[in-house]
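# model this:
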Amino acid sequence: MSESRHVPVMLRRCLDLLAPALERPGAVVVDCTLGLGGHSEAMLTRFPEVRLIGLDRDKEALRLSGERLAPFGDRATLVHAVYDELPEVLDRLGIPRAHGVQGVLFDLGVSSMQLDEADRGFAYAQDAPLDMRMDQTTGISAAEVLNTYPPGELVRILRAYGEEKQAKRIVSAIVREREKEPFTTSARLVQLIRDALPQAAKRTGGNPAKRTFQALRIEVNGELGVLERAVPAAVKALAVGGRIGVLSYHSLEDRLVKQVFAAGAATTAPPGLPVVPEEYQPRLKLLTRGAELPTEEEIAENRRAAPARFRGAERIREDVR
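Modelled structure (predicted):
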């Protein structure tokens, strides 16, 4: 079963950071990226009074995590939703906005199941249909992006989302090849990228297709736009004393989380005020110094933890209405 392959990233650190909030009576925690339910199972086990709401856009992930979390009964509520829909989900479940939730966890990026199931097209190490949709019931596939986007837009995506320095060279090769035959599988794209790159660019940074695949996945799933809406919404959903933890896996995600947390932890008062009024005081307290990294031991046990960056914050003040 897929869950046996799933090792939750930085699990102990996530639990320890959320613990002061989740040990409160009646605490509600939202796992915004349920995946195979590893983090959720650990939270339900360690905090026996907590109620969990788990969100995922992937119906197969919901099915598998539902089996895993079944022993916890009605303490776990699983919802098919994208994580920027958090406010609507809480409203639907009857959790008053005035009350808020005590914990929120994001584990961004691709789940183990999505990487391991060959037919999803996320992994560049095996040939598969170029799909990459986290919710396979909606949206356009990676193949459609490759075959239909104008060259300039493809270059922008590879540069912005993949931080790919050779974007123009790769896109020129894609456009040339798609005119002969549309792209359908990952192996052909991987080979094209290998052939298109100069030798020097292939010597460092692992598989040369990694950045292009990341860029396509972010575009297909609208990941950065979703995250831009989701993290501020999650902060807003927190009760005072509630805590949020975010695991990100590339610099674009981490930068966005850092900016939201930094803005929440800063005063908004005009400069020069002798006393800062309550409405200008910070709403957040940062709980991590910069982004925390997994230990070498954890990376040795779980190579997918290697790029992880973890940030946490605590809600210390209500919004002034």
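# now tell me which helix or strand of the protein has the poorest mean pLDDT.
Within the chain, confidence by mean pLDDT, DSSP states H and E is lowest for helix 112-116 among all helices and strands, at a mean of 46.
# chain center to whatever helix or strand comes next after that one: distance?
Using DSSP states H and E, the helix or strand that follows helix 112-116 towards the C-terminus is helix 142-148. The chain centroid and the centroid of helix 142-148 are separated by 23 Å under CA atoms, centre = their mean, to the nearest Å.
# so which elements touch whichever helix or strand comes after helix 142-148?
Once the chain leaves helix 142-148, the next helix or strand it forms, by DSSP H and E, is helix 151-162. Helix 151-162 makes packing contacts with helix 142-148, helix 167-180, helix 210-221 when contacts are defined by 3 or more CB pairs under 8 Å, 6 or more residues apart in numbering; DSSP states H and E. For the C-beta atoms, the positions are set from N, CA and C on the backbone; glycine is no exception.
# how about residue 55, nearest residue that isn't a chain neighbour?
In space, and not counting its chain neighbours, residue 55 is closest to residue 81: 4.8 Å by CB to CB, 6 or more residues apart in numbering.
# contact partners for the one you found?
With contacts taken as CB atoms under 8 Å, 6 or more residues apart in numbering, residue 81 has the following neighbours: 55-57, 88-89.
# show me where the protein has helices.
11-22, 38-46, 59-69, 86-92, 112-116, 142-148, 151-162, 167-180, 186-196, 210-221, 223-237, 251-264, 296-301 (DSSP state H).
# tabulate those in a markdown table, adding columns for mean neighbour count.
Rendered in a markdown table, the data for the helices of the chain read as follows (neighbours: other CB atoms under 10 Å):
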| stretch | mean neighbour count |
| --- | --- |
| helix 11-22 | 19 |
| helix 38-46 | 21 |
| helix 59-69 | 18 |
| helix 86-92 | 16 |
| helix 112-116 | 19 |
| helix 142-148 | 19 |
| helix 151-162 | 18 |
| helix 167-180 | 17 |
| helix 186-196 | 19 |
| helix 210-221 | 23 |
| helix 223-237 | 19 |
| helix 251-264 | 18 |
| helix 296-301 | 12 |
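# ok, residue 66 touching residue 78?
Yes: the pair residue 66 / residue 78 is scored as a contact, 5.6 Å apart, by CB atoms under 8 Å.
# returning to what we had before: now tabulate the helices and strands packed on helix 151-162 in TSV and tack on mean pLDDT and distance to residue 296.
Putting these into TSV (pLDDT from 0 to 100; distance: least, CB to CB, whole Å) gives the following:
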stretch	mean pLDDT	distance to residue 296
helix 142-148	96	33
helix 167-180	97	33
helix 210-221	91	22
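# can I get those in CSV with distance to residue 96?
Below are the helices and strands packed on helix 151-162 laid out as CSV (distance: least, CB to CB, whole Å):
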stretch, distance to residue 96
helix 142-148, 40
helix 167-180, 47
helix 210-221, 31
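# quick check: which of those helices is nearest to residue 129?
Across those, residue 129 has its closest neighbour in helix 142-148 (7.2 Å, CB to CB).
# helices or strands up against that closest one?
Using 3+ CB pairs under 8 Å, 6+ apart as the test, helix 142-148 ends up in contact with helix 151-162, helix 167-180, helix 210-221.
# nearest to residue 277, of those helices?
Per CB to CB, nearest to residue 277 of the helices and strands packed on helix 142-148: helix 151-162, 39.1 Å.
# the closest one vs helix 223-237, what angle?
Angle, helix 151-162 to helix 223-237, by axes from the mean of the first three to the mean of the last three CA atoms, to 10 degrees: 50 degrees.
# which residues touch helix 151-162?
By CB under 8 Å, 6+ apart, helix 151-162 touches 145-146, 149, 164, 167-168, 170-172, 174-175, 211-216, 218-219, 224, 252.
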